[in-house]
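Visitor: need coordinates for the below:
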Amino acid sequence: MARETFPFTSSTLRSLRLQQEWLEWDDRRRAAAQQSRSHRCPLSAQARLTRPRHTCRDPAVHNALFSGDLQQVQALFQDEEAANMIVEMVSNQLAWSAEQGFWVLTPKTKQTAPLTIVAARGYTDCARHLILQGAELDARIGGRTALHEACAQAQPDCVQLLLTFGAKANVLSEEGTTPLHLCTTPESLQCAKLLLEAGAKVNLVESERDMTPLHVAAARGLDKHVALYLEHRADVGLRTSQGETALNAACAGAEGRGEGGQHEAVARLLLKAGADARAAGRKRHTPLHNACVNGCGGLVELLLSYGACARVRNGAGHTPMDCVLQAVQDSANSEPEVLFTALLDYGAQPMRPEMLKHCANFPRALEVLLNAYPCVPSCDTWVEAVLPELWQEHSDFYSSALHMVNQPRRLQHLARVAVRAQLGSRCRQAAAWLPLPPILRDYLLLRVEGLIQ
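Guide: A predicted model of the protein is given here:
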């Protein structure tokens with residue numbers, strides 16, 4: 001009678017092989033411990049981690065480990081004492097000498113463990129050999145364990161190996177971070193999955209700044225990591241020591257339009273998971289303030305659609321509109337008209353006329369701002385700030401603005417101002433509901449036309 005069976009996947013076979021190796025290694029360890037019990041007392045796990053270790057600066061050892069030369073590693077590391085030695089490296093680094101008054105080369109010593117070196121570089125065979133020789137899995141020589149470095153360098157095969165042999169998924173570095181905190185690149189997603197499957201705590205905070213892995217992933221725009229952590233019940237309301245939520249971290253990490261898309265995807269996931277768009281840190285800096293400072297139009301519109309307040313002031317008294325002005329000055333590649341339009345559509349007050357000079361060299365943004373007033377205010381504050389070549393390029397717009405200073409605007413514009421004032425912070429949503437032709441709807445929402453009429 002034929003037996004029923006099923007095919008194993010390659011990952012399943014690899015996992016079974018690792019488990020078999022671990023069992024064989026554990027059997028040998030137990031047998032050796034039993035054999036030596038009559039001669040000496042066995043060391044506890046804590047004693048093994050704190051026992052004296054030999055230090056090695058031999059270039060041959062360094063070359064074998066850093067190059068992943070398995071034959072050399074097997075020849076050099078043949079017992080537990082060798083597998084747990086301290087590998088010491090000395091390098092010259094520039095350091096400021098106050099006594100001499102200039103920069104000098106200063107030798108700096110760095111210590112680490114053989115297992116940490118090979119795990120960080122993805123040398124799985126070398127790591128397996130060291131583990132089978134008795135290398136301590138959770139040793140923190142140099143501040144981090146091998147699992148920390150494998151995650152930091154996105155080496156999922158080594159992460160799987162270490163976890164299978166019993167490395168602790170929540171082990172802390174000397175800085176107080178877990179391996180999950182160090183999954184900081186898109187390539188580290190598989191490492192994060194392996195850690196969570198092994199019991200890593202997604203809401204564990206680092207000891208220095210109280211950041212969770214969700215904060216780290218959000219700040220770096222890792223939307224797939226964020227989605228993974230949310231699936232494992234990451235708390236979107238947890239705050240750092242500065243009172244920042246993961247949403248604020250995402251908005252602070254988005255620097256300009258190039259990165260805005262990634263962080264916008266992260267923010268969308270967090271908001272759908274219940275993140276508060278108005279949550280401010282200790283300095284009362286909201287996610288909207290951060291998004292405006294970074295000049296991310298899509299992120300600003302997303303936050304406003306989820307209830308962010310366009311008029312709120314931070315601890316320094318600055319509104320999101322003030323933060324956009326800062327972005328305009330810091331980045332010539334921003335699109336401030338998108339930011340200004342969104343803020344004005346959600347209830348922001350027009351800026352003081354004397355501040356218009358900061359947008360004088362952005363004609364599209366200046367047009368949006370001028371159309372927020374019933375009439376064009378005095379241009380003395382901004383006309384002198386326009387660059388001559390820019391004035392020549394956009395002469396029709398600047399000339400029309402100059403012509404309309406303190407002049408009556410068209411009735412159509414006055415009606416637009418009145419309707420927008422009535423709608424207030426609901427202007428963007430109401431425009432979609434009103435039975436208006438598309439051209440009038442765009443006009444109501446301050447469409448850029450290239451002229452002031």
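Visitor: for the helix or strand containing Glu337, packing partners?
Guide: Using DSSP states H and E, Glu337 falls within helix 336-345. Using 3 or more CB pairs under 8 Å, 6 or more residues apart in numbering; DSSP states H and E, the elements in contact with helix 336-345 are helix 297-305, helix 320-330, helix 363-370, helix 427-433. C-betas here are computed from N, CA, C, even on glycine.
Visitor: identify the residues contacting the residue positioned nearest the centre of the chain.
Guide: The residue lying closest to the centre of the chain (CA atoms, centre = their mean) is Arg220, at 1.8 Å. Arg220 makes contact with 184-185, 253 under the criterion CB atoms under 8 Å, 6 or more residues apart in numbering.
Visitor: of these, select the buried ones using a ChimeraX command.
Guide: Only the buried entries of these go into this ChimeraX selection, using 16 or more other CB atoms under 10 Å:
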select :184,253
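Visitor: now render the contacts of Arg220 as JSON lines, adding distance to Asn170.
Guide: Putting the contacts of Arg220 into JSON lines (distance: CB to CB, whole Å) gives the following:
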{"residue": "Thr184", "distance to Asn170": "17"}
{"residue": "Thr185", "distance to Asn170": "21"}
{"residue": "Gly253", "distance to Asn170": "25"}
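Visitor: tell me which of the contacts of Arg220 fall in helices.
Guide: Gly253 (DSSP state H).
Visitor: right, and Ala252 touches Ala218 too?
Guide: No - Ala252 lies out of contact with Ala218 (CB atoms under 8 Å); the separation is 9.3 Å.
Visitor: of the two, who's got more company?
Guide: More neighbours surround Ala218 than the other of Ala252 and Ala218, with 33 against 20 (other CB atoms under 10 Å).
Visitor: SS state for that one?
Guide: helix (DSSP: H, G, I helix; E, B strand; the rest coil).
Visitor: roughly how far does Ser188 sit from Glu231?
Guide: For Ser188, the distance to Glu231 equals 17 Å [CB to CB, to the nearest Å].
Visitor: which of these two has more neighbours?
Guide: Using other CB under 10 Å as the criterion, Ser188 and Glu231 rank with Ser188 on top: 25 against 10.
Visitor: surely that one and Ala154 touch.
Guide: Yes - between Ser188 and Ala154 there is a contact at 4.1 Å, judged by CB under 8 Å.
Visitor: the helix holding Glu337 relative to helix 320-330, how many degrees between them?
Guide: 180 degrees (axes from the mean of the first three to the mean of the last three CA atoms, to 10 degrees).
Visitor: helix 336-345 - what's its average pLDDT?
Guide: Summarised as a single mean, pLDDT over helix 336-345 is 94.
Visitor: burial measure for the residue lying closest to Leu356 once chain neighbours are set aside, as a count.
Guide: Excluding the flanking residues, the one nearest Leu356 by CB to CB, 6 or more residues apart in numbering is Trp382, at 4.3 Å. By other CB under 10 Å, 23 other residues sit near Trp382.
Visitor: can you check the one 10 residues further on too?
Guide: Around Gln392 there are 10 other residues, counting by other CB under 10 Å.
Visitor: what does the helix holding Glu337 rub up against?
Guide: Against helix 336-345 from outside (CB under 8 Å, 6+ apart): 292, 295, 297, 300-301, 304, 310, 320-321, 324, 327-328, 350, 359, 362, 364-365, 367-369, 372, 420, 427-428, 431, 445-446, 448.
Visitor: tilt between it and helix 363-370?
Guide: Computed by the same axes, to 10 degrees, the angle between helix 336-345 and helix 363-370 is 20 degrees.
Visitor: where does the stretch 101-250 of the chain have low pLDDT?
Guide: For the stretch 101-250 of the chain, the stretches with pLDDT under 70 are 102, 104-107.
Visitor: ranges for the strands of it?
Guide: With strands called from DSSP state E, counting those that start in this stretch, the stretch 101-250 of the chain shows them at 102-112.
Visitor: now do the helices in it.
Guide: Applying DSSP state H, counting those that start in this stretch to the stretch 101-250 of the chain gives helices spanning 114-120, 124-132, 146-152, 156-164, 189-197, 213-219, 223-231, 246-253.
Visitor: could you save these as TSV and add columns showing distance to Val338?
Guide: Formatted as TSV, the helices of the stretch 101-250 of the chain follow (distance: least, CB to CB, whole Å):
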stretch	distance to Val338
helix 114-120	43
helix 124-132	48
helix 146-152	37
helix 156-164	39
helix 189-197	31
helix 213-219	23
helix 223-231	22
helix 246-253	16
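Visitor: please name the nearest non-neighbouring residue to Thr124.
Guide: Asp157 (4.9 Å).
Visitor: sorry, back to before: how much space between the residue nearest to the centre of the chain and Val73?
Guide: From Arg220 to Val73 the distance is 34 Å (CB to CB).
Visitor: which residues touch Leu414?
Guide: Pro374.
Visitor: that one: which element?
Guide: Going by DSSP H and E, Leu414 is part of helix 411-423.
Visitor: now the angle between helix 336-345 and that helix, please.
Guide: Using the same axes, to 10 degrees, helix 411-423 lies at 60 degrees relative to helix 336-345.
Visitor: backbone phi and psi for Val87, please?
Guide: When read as degrees, to the nearest 10, the backbone of Val87 gives phi -90, psi 120.
Visitor: beta-bridge partners for it, please?
Guide: Here Val87 sits in beta bridges with Cys56, Thr112, going by DSSP bridges.
Visitor: surely it touches Thr109?
Guide: No - Val87 is not in contact with Thr109 according to CB under 8 Å; the separation is 11.1 Å.
Visitor: more crowded one of these two?
Guide: Using other CB under 10 Å, the more surrounded residue of Val87 and Thr109 is Val87, with 22 against 10.
Visitor: distance of the more buried one from Ala64?
Guide: Counting by CB to CB, the separation of Val87 from Ala64 is 10 Å.
Visitor: if you tally nearby residues, what's the number for Arg313?
Guide: By other CB under 10 Å, 14 other residues sit near Arg313.
Visitor: for the spatially closest residue to Asp235 that is not a sequence neighbour, which residues are in contact?
Guide: Closest residue to Asp235 in three dimensions, ignoring its sequence neighbours and counting by CB to CB, 6+ apart: Asn203, at 5.2 Å. Residues in contact with Asn203, defined by CB under 8 Å, 6+ apart, are 212, 214, 233-235, 238.
Visitor: CSV for those residues, including distance to Gly143 and neighbour count?
Guide: Shown next, in CSV, are those (distance: CB to CB, whole Å; neighbours: other CB atoms under 10 Å):
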residue, distance to Gly143, neighbour count
Thr212, 20, 26
Leu214, 23, 30
Arg233, 29, 9
Ala234, 26, 23
Asp235, 27, 16
Leu238, 25, 16
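Visitor: export these to TSV and append columns for distance to Glu149.
Guide: Converted to TSV, the contacts of Asn203 look like this (distance: CB to CB, whole Å):
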residue	distance to Glu149
Thr212	21
Leu214	22
Arg233	27
Ala234	24
Asp235	27
Leu238	26
